[in-house]
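Novice: Build me a model:
(chains A and B)
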Amino acid sequence: MDIDLIFKIAAIGIIVSILNQVLSRSGREEQATMTTLAGLVVVLMMVAQKIAELFDLVKTLFRF
Amino acid sequence: MALFLKAAAGILLTVILLAQLRQKELSVLLSMAVCAMACCGALRLLEPVVELLEELEQLSGLNEPFLELLLKSAGIGLTAEVSASICADGGNGALAKVLRLLGTAAILCLSVPMLRTLMDFIQEMVGTS
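Specialist: Next up is the predicted model:
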């Protein structure tokens, strides 16, 4: 159980929402959307690794 | 035991952080990551149990396909249930139901050879009596 990963994802989420607020308040809507998208992609890469690890473990343990 | 306590602490921490995250997509991703890690922990705790089943299989002389079928069904059931719960959490109830249906169909498909064996066995018994 990787507690650090939980903190990393939460930190990215909080930073992205702050940046989103700042950029949209200063009238840069497109950059705000891009920032949210970038944060989403980074978190998605992290989560995909964990899900791949889970499926590998299911395959070996349950003899798929 | 430490693994269990660490997983429980991680899950409780996640619940608090999920309340803080405003973006729905990121909160779904965070809960997905924690579910995957907690399931990995649970499966690591189950490894000795599967080893014990293998020893029992050798002792009892049971046919290997039967235990393999049992383990595969458990794996499919676990994966389908965890994935469906994550889908339901993300607000996609229909996808969750379809995933459960997929899991059920996969297990039924796996059990066809065993059911055939059972039918042959019954026919033999009926034939002889």
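Novice: Now do residue B:18 against residue A:50, distance only.
Specialist: 16 Å (Cβ to Cβ, to the nearest Å). All C-beta spots, glycine's among them, are computed from the backbone N, C-alpha and C.
Novice: Kindly apply the preceding question to residue A:43 instead.
Specialist: Distance from residue A:43 to residue A:50, by Cβ to Cβ: 11 Å.
Novice: Can you pick out the residue with more neighbours from those two?
Specialist: Using other Cβ atoms under 10 Å in any protein chain shown as the criterion, residue A:43 and residue A:50 rank with residue A:43 on top: 25 against 18.
Novice: Quick one: name the residues of chain A near chain B.
Specialist: Selection of chain A residues close to chain B by Cβ under 8 Å from any Cβ of the partner chain yields A:1-3, A:5-6, A:9-10, A:12-14, A:16-17, A:36, A:39-40, A:43-44, A:46-47, A:50-51, A:53-55, A:57-59, A:61-64.
Novice: Show me how chain B divides into domains.
Specialist: B:1-62, B:63-129 (automatic domain parsing).
Novice: Rebuild these as TSV, extending it with distance to chain A and mean pLDDT.
Specialist: Below are the domains of chain B laid out as TSV (distance: least, Cβ to the nearest Cβ, whole Å; pLDDT from 0 to 100):
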stretch	distance to chain A	mean pLDDT
domain B:1-62	4	88
domain B:63-129	3	89
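Novice: just the buried members of the residues of chain A next to chain B?
Specialist: For the residues of chain A next to chain B, a burial check counting by 16 or more other Cβ atoms under 10 Å in any protein chain shown picks out A:1-2, A:5-6, A:9-10, A:12-14, A:16-17, A:36, A:39-40, A:43, A:46-47, A:50-51, A:54, A:57-58, A:61-62.
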